[in-house]
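Trainee: Can you look at this prediction? I've put the sequence above it.
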Amino acid sequence: MARYVIERTLPGAGDLTAEQLHDISARSNGVLAGMVDVTWVSSYVSDDKLYCIYDAADPALIEEHARRGGFPVDVINPVHTVIGPETGR
């Protein structure tokens with residue numbers, strides 16, 4: 001499976017309550033429970049965007065997950081490599 005970064009526009013995302021984030025996460029988990037070869041790793045919430053990390057056999061599975069769950073998808077980008085502070089040392 002490959003790793004992908006998904007950009008989702010969600011106006012007001014940074015103002016979502018813990019309960020709202022729970023409900024969104026639970027809906028995502030419910031959709032994923034009925035799918036194979038796609039896994040949600042984590043998401044980063046900013047003011048008006050979510051940046052989600054997924055592992056999937058094919059980006060079409062991420063699109064299917066979004067369709068089933070009613071989640072926006074702006075861009076799906078493959079992760080080619082991961083760098084951090086250690087990379088430059």
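Mentor: Received the coordinates, thanks.
Trainee: Find the centremost residue of the protein, please.
Mentor: Closest residue to the average C-alpha location of the chain: residue 52 at 2.7 Å, with Cα atoms, centre = their mean.
Trainee: what's it in contact with, if anything?
Mentor: Residue 52 makes contact with 5-6, 8, 40-44, according to Cβ atoms under 8 Å, 6 or more residues apart in numbering. C-beta here means a position set from N, CA and C on the backbone, and glycine is covered the same way.
Trainee: which pair in those spans the largest distance?
Mentor: Across the contacts of residue 52, no pair lies farther apart than 8 and 41, at 14.5 Å, counting by Cβ to Cβ.
Trainee: What lies in contact with the lengthiest helix in the chain?
Mentor: Using DSSP state H, we find that the single longest helix of the chain is helix 18-33. Helix 18-33 is contacted by residues 16, 38-40, 45, 65, 68-71 when judged by Cβ under 8 Å, 6+ apart.
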